[in-house]
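Student: Need the 3D shape of this:
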Amino acid sequence: MAGEPQDDCLFCKIVEGHVPATIVRETDTTVAFRDINPQAPTHVLVIPKAHYRDAAALAAADPALAADVLREAQAVADEDKLESYRVVFNTGAGAGQTVFHTHAHVLGGRGMQWPPG
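Tutor: Sure thing, here's the model as predicted:
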């Protein structure tokens, strides 16, 4: 069920403390942690504690929680003193989503090219 922890979800296990992560921020509704395969000097994932498959499902079910994720992305950028940064939501396997729990990638600390590729 949407919003409920999933036994087979890596990010739900991080939220529950069953899988270690380098957590940089935590609120009542979100967790932010360093990506284990960083693509930039700052590469932090911001996730809602509630399980939603992707950004579209989160936005449809809980717009306030989606706003919390974006607010925390800004807080991560502020803490890392990023003058510019990119926030990416991959939605679906064809877009590169590999963990099916909504997550925002906060990338910064280097130049970003367009299109991202």
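
Student: contacts, neighbours, all on C-alpha from now
Tutor: Will do.

Student: can you give me the strands for this structure?
Tutor: With strands called from DSSP state E, the chain shows them at 23-26, 30-34, 42-48, 85-88, 104-108.

Student: Let me have those in TSV, extended by distance to residue 73 and mean pLDDT.
Tutor: Converted to TSV, the strands of the chain look like this (distance: least, CA to CA, whole Å; pLDDT from 0 to 100):
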stretch	distance to residue 73	mean pLDDT
strand 23-26	10	98
strand 30-34	8	98
strand 42-48	6	98
strand 85-88	7	97
strand 104-108	6	98
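
Student: what sits against residue 98?
Tutor: Residues near residue 98 by CA atoms under 8 Å, 6 or more residues apart in numbering: none.

Student: nope, residue 80 is what I meant
Tutor: Taking CA under 8 Å, 6+ apart, one finds residue 42 in contact with residue 80.

Student: who's residue 30 bridged to?
Tutor: For residue 30, the beta-bridge assignment (DSSP bridges) gives partners residue 48.

Student: Check which helices and strands the longest helix seen in the chain is in contact with.
Tutor: Using DSSP state H, we find that the single longest helix of the chain is helix 63-79. Here helix 63-79 touches strand 30-34, strand 42-48, helix 55-61, strand 104-108, going by 3 or more CA pairs under 8 Å, 6 or more residues apart in numbering; DSSP states H and E.

Student: These: which one's closest to residue 74?
Tutor: Taking CA to CA, strand 104-108 is the member of the helices and strands packed on helix 63-79 nearest to residue 74, at 8.6 Å.

Student: helices or strands up against the closest one?
Tutor: strand 42-48, helix 63-79, strand 85-88.

Student: Repeat the analysis, applying 6 Å as the threshold.
Tutor: Secondary-structure packing of strand 104-108 (3 or more CA pairs under 6 Å, 6 or more residues apart in numbering; DSSP states H and E): strand 42-48, strand 85-88.

Student: Can you add mean neighbour count and distance to residue 83 and give the helices and strands packed on helix 63-79 back as TSV?
Tutor: Formatted as TSV, these follow (neighbours: other CA atoms under 10 Å; distance: least, CA to CA, whole Å):
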stretch	mean neighbour count	distance to residue 83
strand 30-34	21	19
strand 42-48	26	12
helix 55-61	16	25
strand 104-108	24	9
